[in-house]
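Undergrad: Got a sequence here, can you build the structure:
(chains A and B)
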Number of protein chains: 2
Amino acid sequence: MIEKNLEKSLRVRKIKNGTVIDHISPGNALNVLRIVGITGKEGMIISIAMNVPSDKSGLKDVVKIENKELAPEEINRIALISPNATINIIRDYEVVQKNKVILEEKIVGVIKCMNPNCITNSNEPVESIFKVEQTNPISLRCLYCDWVIDYNNIVRQF
Amino acid sequence: MIEKNLEKSLRVRKIKNGTVIDHISPGNALNVLRIVGITGKEGMIISIAMNVPSDKSGLKDVVKIENKELAPEEINRIALISPNATINIIRDYEVVQKNKVILEEKIVGVIKCMNPNCITNSNEPVESIFKVEQTNPISLRCLYCDWVIDYNNIVRQF
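TA: Residues are numbered from 1 along each chain as shown, chains lettered A, B, ... in the order given. So this is what the prediction gives:
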């Protein structure tokens, strides 16, 4: 009986107010936190479930951040490592906004080019610009020097 | 009513089998995962709550790892960053073992000395050995070269 009730309940309970990042690729919750700049030291109440069954398909990770609504520019970075993630803004237990993350065509000023000779790594005031070379797994191509940055090198930057 | 029920429920539900790392210093759950070598990519079902109220005092983090019983040598590393953590081994929803992490007097072969000239960083087959210089925040002193490694440099190694 206890087991049946527990199996039916969510691993991580609903939140009253805040942001739910759902349908994160399984095993990527900690990378998602890194990409939005959350370490835990900020004091926010955060709950996370990793590698749990998804209604849609297979497994997923979920992150729930209480009392904080993530801004769009923070959200879209998530698409770099988890293109199917959805972002739900919760107010008083209700989903008031639901969005898929958007992988922008050009990624400006977020990722560092790995080519030490790239102009974006010189002292010139030039912001990095990448275009998406490939999705799943993602890779990005630098618009200045043509170097390609793969998934592991993207994740490592956060 | 919904709110009352939700407030009473755990943020992260009970697990059937596995390990619960409880009373982690608030904001340190992700460091604890790093120190025991878990990224999420291993496929284990993991739930985490950060900065939640503790029965004992103030706030805490909790990590629940399903279907995996952590080994003592993995557990005691946690004391380096969260000396009050407790480890509960769960079988069929019951706590069958409950231990505090133990900060060993000598930390052997776990932490790298930050002194590039230390013999443990040469090509000699010498394992690093540190003794605890200070707790809360922790610092360690290298038994070979006397360099002191602080909390941030410990965490960064995992």
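
Undergrad: My understanding was that A:I111 contacts A:Y151; is that so?
TA: No. Between A:I111 and A:Y151 there is no contact under CB atoms under 8 Å: 11.4 Å. Just so you know, the C-beta spots here come from the backbone N, C-alpha and C atoms, and that holds for glycine as well.

Undergrad: which of these two has more neighbours?
TA: The neighbour count for A:I111 versus A:Y151, taken as other CB atoms under 10 Å in any protein chain shown, is higher for A:I111 (20 against 16).

Undergrad: which residues does the residue nearest the centre of chain A contact?
TA: For chain A, the residue nearest the mean C-alpha position is A:I78 (2.6 Å; CA atoms, centre = their mean). Going by CB atoms under 8 Å, 6 or more residues apart in numbering or on different chains, A:I78 touches A:21, A:24, A:32, A:35-36, A:85, A:87, A:101.

Undergrad: you'd agree it is in a helix?
TA: Yes. Assessed with DSSP: H, G, I helix; E, B strand; the rest coil, A:I78 lies in a helix.

Undergrad: part of a helix, is A:I48?
TA: No. Assigned with three-state DSSP, A:I48 falls outside any helix and is strand.

Undergrad: how close does it sit to B:S47?
TA: Using CB to CB, to the nearest Å, A:I48 is found at 7 Å from B:S47.

Undergrad: Of the two, which one has the most company?
TA: Per other CB under 10 Å, whichever of A:I48 and B:S47 has more neighbours is A:I48, with 28 against 25.

Undergrad: returning to that earlier point: give the buried subset of the contacts of A:I78 as a PyMOL selection command.
TA: This is how PyMOL selects the buried members of the contacts of A:I78, with burial counted by 16 or more other CB atoms under 10 Å in any protein chain shown:
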select buried, chain A and resi 21+24+32+35+36+85+87+101
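
Undergrad: Out of the contacts of A:I78, the closest to A:C145 would be?
TA: Nearest to A:C145 among the contacts of A:I78 is A:I35, at 23.5 Å by CB to CB.

Undergrad: follow-up on the earlier one: now, the contacts of A:I78 that are in helices?
TA: A:32, A:35 (DSSP state H).

Undergrad: Between all of the contacts of A:I78, which two are separated the most?
TA: It's A:I35 and A:I87 that sit farthest apart of the contacts of A:I78, by CB to CB, at 12.8 Å.

Undergrad: who in chain A is up against chain B?
TA: Contact residues (CB under 8 Å from any CB of the partner chain) of chain A with chain B: A:2-3, A:6, A:9-14, A:16, A:26-31, A:33, A:39-52, A:59, A:61, A:93.

Undergrad: low-scoring stretches of chain A, by residue?
TA: By pLDDT under 70, the low-scoring segments of chain A are A:1-9.

Undergrad: so A:I154 touches A:L140, yeah?
TA: Yes. Counting by CB under 8 Å, A:I154 does reach A:L140; the two are 6.9 Å apart.

Undergrad: between these two, what contacts are shared?
TA: The contact lists of A:I154 and A:L140 share A:I111, where a contact means CB under 8 Å, 6+ apart.

Undergrad: where do the helices sit along chain A?
TA: For chain A, the helices defined by DSSP H occupy A:2-8, A:29-35, A:72-77, A:151-155.

Undergrad: got the ones you listed as CSV, with distance to B:N117 columns?
TA: Shown next, in CSV, are the helices of chain A (distance: least, CB to CB, whole Å):
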stretch, distance to B:N117
helix A:2-8, 55
helix A:29-35, 33
helix A:72-77, 40
helix A:151-155, 31
